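Engineer: could you work out the structure for the sequence below:
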Amino acid sequence: MHHSFLPLTLLVVAQALYSCPTLTCQWQAPNICASLVSSNSIALNSKPCDGLHQCNFDQILKWYSLSPTESLQCQPAQAISLIDAWTCGNRQTGKDLVSGNYPRTCLGDSDCTLQDGTTNGCVCAPRTTSSSGYCQPNASSAYYQSYWDLCTSNGNVIDGQYEGFYWYLRLQFAVYYDAADLPNCKETLWEFSQFTAATSVLNAASCLLIPTLFLV
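Structural biologist: Numbering: from 1, shown residues only. Model (predicted):
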């Protein structure tokens, strides 16, 4: 059974004209995801959540927007359903930036206007030195050309559970992975630990295919 990637429901928190918090790494009590350092700074726990819990940057942003006084606890881990194949969907036109290229820093949604007059929004990323966000790339933009090339060569379908999950993460959280000043403890965040795992599986699968190519 095929499931469609597009249109995507973005999980990242769009922040229009919003000052993003900066992140530091700090060893904290077990199963603490993050704590507030100041009104514009968050300490991410260098100690990962236990195996039954997870720490999401998306969750951190929602917590931060509520002006918290208490630390954010690690959240119960969510089960991941891997799909055998994803249908790529239809690519839309006019979805590149009017000005500049991705990754592009921004202070508000108007900095991320697309050629068709819409915007994908300015979103916060886990940065250590800057409170500016990044423009969320539209899935149909040239930023994702390699995704669309793969779709074209494979009958508009992404095969394989981990390849599909890799592109799901890449399409949802590109601004996180592209940030120029990521914290050293970024792997304690679910978005990064999962992306690292999916990438490793794909790289291992590619290596296993190499002997087969020589034997054909």
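Engineer: in the strand of greatest length in the chain, what counts as buried?
Structural biologist: For the chain, the strand that runs over the most residues, judged by DSSP state E, is strand 32-38. Within strand 32-38, the residues that qualify as buried are 32-36, counting by 16 or more other Cβ atoms under 10 Å. Quick note: C-beta positions are derived from backbone N, CA and C, even for glycine.
Engineer: want to throw those residues into JSON lines with distance to residue 117?
Structural biologist: Converted to JSON lines, these look like this (distance: Cβ to Cβ, whole Å):
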{"residue": "32", "distance to residue 117": "43"}
{"residue": "33", "distance to residue 117": "38"}
{"residue": "34", "distance to residue 117": "36"}
{"residue": "35", "distance to residue 117": "41"}
{"residue": "36", "distance to residue 117": "38"}
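Engineer: list just the nearest of those to residue 151.
Structural biologist: Taking Cβ to Cβ as the measure, residue 151 lies nearest residue 33 of the buried residues of strand 32-38, at 35.2 Å.
Engineer: what is the nearest of the buried residues of strand 32-38 to residue 126?
Structural biologist: Distances from residue 126 to these, taken by Cβ to Cβ, are shortest for residue 34, at 10.2 Å.
Engineer: just checking, that closest one touches residue 61?
Structural biologist: No - applying Cβ atoms under 8 Å, one finds residue 34 not in contact with residue 61, separated by 10.1 Å.
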